[in-house]
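**Student:** let's see this in three dimensions:
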Amino acid sequence: MELGLAVAFSIAFALTNGFHDAANAIATLVATRGASAGQAIVLAAVFNMLGALLVGTAVADTIAGIVTVAPGEAVAVIGAGVLAATLWNLLTWSRGLPSSSAHALVGGLVGSAIAAAGIDAVQWGGLEGWKPVGVFGVLIVLAVSPCSAWRSASPSRASTGACCGGRPARSGPRSAPPSGRCRPPSPSATAPTTPRRRWV
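**Tutor:** As a prediction, the model looks like this:
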């Protein structure tokens, strides 16, 4: 019974984690019209599953290693942790609040481990050299990874044409602007155009 409840809570957490993070996972692909919303959802579902099966579960193992409890208490601790994270996801989703499912899971596991076995059951960790470990290590990685991903994905102003009214310069040596400066938009580029009918 206890194991069945823990599995059910884990599935519920996976569901709430999905609709919390699905928009972030496919927003760029849909916004740039690289794929329709349905196609992007299918791609995300397939490759999320393949990632866990083929690449491994290093992230899950790291998060699971932040608490150490007796084998007889492990199922109850994990079940309570994912239940708490699921309820937090539902609360923040219903109120439209920004939230991280991974942070919620870490908090749920830490709270359930402390309730079951005391504060010594939590591997607080920190940094071992340059390697983040334990609770603080997980939180450091969760805090830094979005910043590094945003930094690497942010295009330069010159490459996007942000300095010339959002009109990127055409590629190729013949059309390259002198001294790395953007070309001003042509009158045809700024003139209003009739929207095209989009056939689905």
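**Student:** burial of residue 95, as a residue count?
**Tutor:** 8 (other Cβ atoms under 10 Å). (Each C-beta comes from the backbone N, C-alpha and C, glycine too.)
**Student:** and it, what's its pLDDT?
**Tutor:** If you check residue 95, the pLDDT there is 89.
**Student:** then residue 198?
**Tutor:** 54.
**Student:** where in this protein is the helix or strand with the lowest mean pLDDT?
**Tutor:** helix 157-160 (a mean of 43; mean pLDDT, DSSP states H and E).
**Student:** now do the helix or strand where residue 84 lies: everything it contacts.
**Tutor:** Using DSSP states H and E, residue 84 falls within helix 71-94. Outside helix 71-94, the residues within contact range by Cβ atoms under 8 Å, 6 or more residues apart in numbering are 2-3, 5-6, 9-10, 12-13, 16-17, 19-20, 64, 67, 69, 97-99, 101, 104-105, 107-113, 115-117.
**Student:** whichever of those end up buried, select them in PyMOL.
**Tutor:** Of the contacts of helix 71-94, the buried ones go into a single PyMOL selection, burial set by 16 or more other Cβ atoms under 10 Å:
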select buried, resi 6+9+10+12+13+16+17+20+67+69+99+101+104+105+107+108+109+110+111+112+113+116+117
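**Student:** among the contacts of helix 71-94, which are in strands?
**Tutor:** In strands, judged by DSSP state E, none of the contacts of helix 71-94 are found.
**Student:** for residue 2, give me its contacts.
**Tutor:** 75, 76, 79.
**Student:** ok, the residue positioned nearest the centre of the chain - contacts?
**Tutor:** Centroid-nearest residue in the chain, with Cα atoms, centre = their mean: residue 21, separated by 5.8 Å. Residues near residue 21 by Cβ under 8 Å, 6+ apart: residue 101.
**Student:** pLDDT value on it, please?
**Tutor:** We have a pLDDT of 72 for residue 21.
**Student:** and the helices in this protein, which stretches?
**Tutor:** Per DSSP state H, the chain carries helices over the ranges 2-31, 37-50, 58-64, 71-94, 101-117, 134-153, 157-160, 187-190.
**Student:** burial of residue 118, as a residue count?
**Tutor:** Count around residue 118 with other Cβ under 10 Å applied: 10.
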